[in-house]
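Q: Here is the input, now give the coordinates:
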Amino acid sequence: MKDDVMWIAVAESSAIVRHGMLTILKHMPETAHAIQLIEVSSLEALENCMQSHVPDVLIVDPAFEGWFNIDNFKADQQAASVKCIALLCNMTDQNLLKKYDESITLYDNEEVIYTKINALFQSQKEEEDTDTDTLSQREREIITCVVKGMTNKEIAEKLFISIHTVITHRRNISRKLQIHSPAGLTIYAIVNNLVELGDVKM
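A: Residues are numbered from 1 along each chain as shown. Model (predicted):
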């Protein structure tokens, strides 16, 4: 959850279903968090969404653009923290639904939808609180690169990832450690033996 704003993306090929879901979400009762909605009408639009602003929750039809590959989506590092809700417009294999965090149907009323979304936000917040001090191996690698004075482009090339992924990792590092400057990261890296003093770019 980013800066007390809940970002919800709705990925659905049908304009009628997509706009209907967005309309319901626009009328979601106020919570402790503001809500921002992202409309996604194609896989290309979803890729752009993931590069520009990773949502907290993705509501997606399992039949999105023929078939939505939830395994591939979850395997992407950027999507690891995204909660996925299956938007059921047709009969769907129950084994496939086990891969989603939740599901809603066209027959669910607003109260049911709001309750399910709020429960996911709550569980995500609890996970974030638990993971606050836990850095992944990739995040440690990125801290090391930052401390050595490398740019985002140089880090991306060294680790064979996109610049957008580097930026996402750096944002997550700042959130977890509550450190927002290269100098602060340098101190953290030295204290936690991530780098040798000689590696630090002065």
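
Q: buried sites along stretch 15-22?
A: For stretch 15-22, burial by neighbour count (16 or more other C-beta atoms under 10 Å) applies to 18, 21-22. C-beta coordinates here come from the backbone N, C-alpha and C atoms, glycine included.

Q: And the pLDDT at the nearest residue to residue 65 once chain neighbours are set aside?
A: Leaving out its chain neighbours, the residue that sits closest to residue 65 by C-beta to C-beta, 6 or more residues apart in numbering is residue 43, at 5.1 Å. Per-residue pLDDT puts residue 43 at 92.

Q: my read: residue 43 touches residue 67, true?
A: No. If you go by C-beta atoms under 8 Å, residue 43 and residue 67 don't touch, sitting 10.6 Å apart.

Q: Tell me which of the two has more neighbours.
A: Neighbours per residue, other C-beta atoms under 10 Å: of residue 43 and residue 67, the larger number sits with residue 43, 16 against 10.

Q: ok, the more buried one to residue 96 distance?
A: 18 Å (C-beta to C-beta, to the nearest Å).

Q: what does residue 27 give?
A: For residue 27, the distance to residue 96 - C-beta to C-beta - is 30 Å.

Q: So these two - more neighbours on which side?
A: Using other C-beta under 10 Å, the more surrounded residue of residue 27 and residue 96 is residue 96, with 14 against 8.

Q: what residues are up against the more buried one?
A: For residue 96, the contact set (C-beta atoms under 8 Å, 6 or more residues apart in numbering) comprises 62, 70, 86.

Q: I'd like to know which of these is nearest to residue 139.
A: Of all the contacts of residue 96, residue 139 sits closest to residue 70, with 24.4 Å by C-beta to C-beta.

Q: Remind me what the helix or strand where residue 23 lies packs against, helices and strands.
A: Taking DSSP states H and E as the criterion, residue 23 maps to helix 15-26. Packing contacts for helix 15-26, counted by 3 or more C-beta pairs under 8 Å, 6 or more residues apart in numbering; DSSP states H and E, involve strand 5-11, strand 34-40, helix 110-131.

Q: what are the pairing partners of the second one, and which direction each?
A: The sheet places strand 34-40 alongside strand 5-11 (parallel), with pairing taken from DSSP bridges.

Q: what sits up against the partner strand?
A: Outside strand 5-11, the residues that touch it by C-beta under 8 Å, 6+ apart are 18, 21-22, 25, 31, 33-41, 45-46, 49, 53-61, 64, 68, 87, 117, 121.

Q: ok, then the element right after the worst-scoring helix or strand of the chain on mean pLDDT?
A: For the chain, counting by mean pLDDT, DSSP states H and E, helix 110-131 ranks last in confidence among helices and strands (a mean of 75). Per DSSP H and E, the first helix or strand lying C-terminal to helix 110-131 is helix 137-147.

Q: Packing partners of that following helix?
A: Judged by 3+ C-beta pairs under 8 Å, 6+ apart, helix 137-147 is in contact with helix 152-159, helix 163-177, helix 182-191.

Q: just for this structure, where's the confidence low?
A: 1-4, 30-33, 123-133, 201-202 (pLDDT under 70).

Q: 50 - rerun?
A: Across the chain, the ranges flagged by pLDDT under 50 are 1-2, 131-132.
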